[in-house]
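Chemist: Sequence and predicted structure, then a few things I'm wondering about:
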Amino acid sequence: MADFVGAVDQGTTSSRFMIFDHDGNEVAKHQLEHTQILPRPGWVEHDPVEIWERTNVAIQNAVRSAGISPADLDAIGITNQRETTVVWDPRTGQPYCNAIVWQDTRTDRIAATLERDGHGDLIRRRAGLPPATYFSGGKLTWILENVDGVRAAAEQGHAVFGTTDSWVLWNLTGGPNGGIHATDVTNASRTMLMDLETLDWDDELLDLFGIPRAMLPVINPSSHPEAYGRTRTTRPLRRAVPITGVLGDQQAATVGQVCFAVGEAKNTYGTGNFLLLNTGTEPVRSRHGLITTVAYRFGDAPAVYALEGSIAVTGSAVQWLRDQLHAITDAAESERLAATVPDSGGAYFVPAFSGLFAPYWRSDARGAIVGLARYHTNGHLARATLEAICYQSRDVVEAMEQDSGVHLDVLRVDGGVTANDLCMQTQADILGVPVSRPVVAETTALGAAYAAGLATGFWRDTDELREHWHESKRWEPRWSEQRRAEGYAGWKKAVQRTLDWVEVE
């Protein structure tokens with residue numbers, strides 16, 4: 001057996017490759033950002049070719065910096081931004097258009113029509129999801145209806161669909177020369193096209209969205225020794241390394257945080273925030289604005305499900321301060337700037353740039369900064385931005401407790417924003433529960449590596465993975481109950497100011 005497992009982490013803002021040893025320690029990584037294409041208000045796109053090229057380079061450079069050869073890799077896992085939609089010609093590998101990113105809201109009319117025409121309950125019952133711009137099905141419908149030639153190409157078998165895991169996998173396993181067109185149950189559960197109980201594409205839902213079944217990838221378990229084939233490209237790996245694990249990014253973080261027991265939860269702080277609660281082998285239907293999703297499926301074992309609260313804009317609100325307002329020069333400066341004031345001075349920032357996701361599901365909402373006085377400075381705005389990340393997470397925790405009856409004793413956190421100590425202290429203050437960060441905070445790639453290594457026997461079982469989890473830091477709540485209640489009441493008022501801003505036909 002080789003000494004290491006690799007993981008492709010194809011995210012919303014970057015692609016990276018990480019290498020882990022048997023103890024789950026990071027050995028090497030390389031990460032490259034890709035372009036955020038914003039052609040119109042509410043539209044967010046990526047260039048799939050750029051994503052693939054940068055993934056290639058990331059793999060090469062990580063292997064080189066680790067000082068190992070491809071023969072030292074026992075297996076590779078893939079994790080990805082989940083709902084982002086790619087359509088390409090399998091004969092050439094050329095995309096028909098830019099990828100439509102999960103944050104994109106151009107499909108609001110499609111989602112609203114499905115709800116208005118009475119199809120929302122069917123989608124919720126079969127797929128566990130509300131009709132929303134977030135998910136892939138509407139994005140694929142939009143491409144079929146609006147990009148010249150794609151509908152005809154799809155009917156001839158010359159156009160295929162995938163989220164970015166499928167796109168990367170197809171290229172890694174040969175592309176036009178025999179590339180494998182597949183996905184896993186977690187990514188398929190984000191499309192509005194898969195039946196949560198049969199774990200297969202649903203013909204009634206496909207008809208509803210007008211999608212030819214032949215476009216869709218094969219659905220496999222998240223971890224399986226034979227499911228995903230081997231690398232076949234001359235670059236970046238010159239040896240055929242087995243690809244044995246695929247997980248959507250938030251499910252990968254759930255695995256990386258070893259949330260394998262019913263009632264265990266994690267919150268990932270990245271471009272958006274995503275809180276998942278393990279609910280076991282039976283799907284739990286939400287009544288409070290959450291979504292039901294597949295957490296993972298290992299081999300032939302039953303699928304494990306989760307309740308999820310998805311928040312569109314958290315870390316990307318900090319990027320907005322940097323890139324659009326030029327209020328800061330890097331993400332770390334947001335903490336220093338926010339620390340110049342003791343609080344937000346009564347100002348609230350609701351970053352509903354793509355509408356509001358869980359638990360509101362309001363595509364008509366748009367971002368707002370409220371409660372401003374001449375007194376306020378850029379420090380207050382930075383503080384309000386960090387508080388917005390935390391208040392949105394509290395919205396989800398409240399809904400999750402109502403749905404599941406589970407009261408969190410501690411919140412496990414991961415992702416890039418957890419490097420911001422002030423933000424994590426604020427999260428503990430706003431929730432009123434301790435916040436715990438593991439030693440390996442970037443658990444998304446680790447979870448993909450775990451899925452791959454479980455399939456090959458690199459790791460024995462989930463009990464062994466639990467032994468690798470260690471706490472790095474814990475934040476205890478400091479706010480009084482009164483301050484917590486008053487702050488949250490102000491947040492709820494601010495959210496109301498963002499609604500009914502955009503007319504959705």
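Modeler: Noted; the coordinates are in hand.
Chemist: show me where the stretch 101-250 of the chain has strands.
Modeler: Applying DSSP state E, counting those that start in this stretch to the stretch 101-250 of the chain gives strands spanning 160-162, 182-184, 194-195, 200-201, 218-220, 243-248.
Chemist: Nearest to Arg483 among the ones you listed would be which one?
Modeler: Evaluated with CB to CB, the strands of the stretch 101-250 of the chain place strand 243-248 nearest to Arg483, the distance being 36.5 Å. In short, each C-beta sits where N, CA and C put it, glycine included.
Chemist: End to end on stretch 432-449, go ahead and measure it.
Modeler: 33 Å (CA to CA, to the nearest Å).
Chemist: which parts of that stretch are buried?
Modeler: For stretch 432-449, the neighbour count (16 or more other CB atoms under 10 Å) marks 432-433, 435-438, 440-449 as buried.
Chemist: Now do the contacts for Leu196.
Modeler: Going by CB atoms under 8 Å, 6 or more residues apart in numbering, Leu196 touches Arg126, Ala127, Gly128, Ser189, Pro283, Thr292, Val294, Tyr305.
Chemist: gap between the fifth one and Glu115?
Modeler: For Pro283, the distance to Glu115 (CB to CB, to the nearest Å) stands at 21 Å.
Chemist: Could you do the last one as well?
Modeler: Per CB to CB, Tyr305 is found 24 Å from Glu115.
Chemist: In terms of neighbours, single out the busier of the two.
Modeler: Tyr305 (26 against 16; other CB atoms under 10 Å).
Chemist: host element of that one?
Modeler: strand 304-311 (DSSP states H and E).
Chemist: Also Phe274?
Modeler: Counting by DSSP H and E, Phe274 is part of strand 273-280.
Chemist: neighbouring contacts of stretch 371-383?
Modeler: With CB under 8 Å, 6+ apart, stretch 371-383 has contacts from 321, 327-328, 334, 337-341, 343-349, 369, 490, 494.
Chemist: and that stretch, average pLDDT?
Modeler: Mean per-residue pLDDT for stretch 371-383: 94.
Chemist: Only alpha carbons, please: show it as PDB.
Modeler: The C-alpha coordinates for stretch 371-383 follow below in PDB (Å, rounded to 0.1, in the frame of the first residue of the first chain):
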ATOM      1  CA  GLY A 371     -29.200  51.300  10.900                       C
ATOM      2  CA  LEU A 372     -26.500  53.700   9.700                       C
ATOM      3  CA  ALA A 373     -25.700  57.000  11.300                       C
ATOM      4  CA  ARG A 374     -23.000  59.500  10.500                       C
ATOM      5  CA  TYR A 375     -21.200  58.000  13.500                       C
ATOM      6  CA  HIS A 376     -20.400  54.700  11.700                       C
ATOM      7  CA  THR A 377     -17.000  54.000  10.200                       C
ATOM      8  CA  ASN A 378     -15.600  51.300   8.000                       C
ATOM      9  CA  GLY A 379     -14.700  49.400  11.200                       C
ATOM     10  CA  HIS A 380     -18.400  49.200  12.000                       C
ATOM     11  CA  LEU A 381     -19.100  47.900   8.500                       C
ATOM     12  CA  ALA A 382     -16.400  45.200   8.900                       C
ATOM     13  CA  ARG A 383     -17.900  44.300  12.300                       C
END
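Chemist: Run the chain-centre distance for that stretch.
Modeler: 31 Å (CA atoms, centre = their mean, to the nearest Å).
Chemist: Pull out the buried residues from that stretch.
Modeler: Of the residues in stretch 371-383, those buried (16+ other CB under 10 Å) are Gly371, His376, Gly379, His380, Leu381, Ala382, Arg383.
Chemist: So which of these are in helices?
Modeler: Among those, the residues falling in helices (DSSP state H) are Gly379, His380, Leu381, Ala382, Arg383.
Chemist: Could you pull up the mean pLDDT of stretch 90-110?
Modeler: 95.
Chemist: What residues sit buried inside that stretch?
Modeler: 93, 95-108, 110.
Chemist: among these, which two are most distant?
Modeler: Gly93 and Asp108 (31.0 Å).
Chemist: Show me the contacts of Leu196 that map onto helices.
Modeler: Mapping these onto helices (DSSP H) picks out Arg126, Ala127.
Chemist: closest to Leu144 among the contacts of Leu196?
Modeler: Ala127 (18.6 Å).
Chemist: neighbours of the closest residue to that closest one other than its chain neighbours, just the number please.
Modeler: Spatially, and ignoring its direct neighbours in sequence, Ala127 is nearest to Met192 (4.8 Å; CB to CB, 6 or more residues apart in numbering). Applying other CB under 10 Å, we find 29 residues neighbouring Met192.
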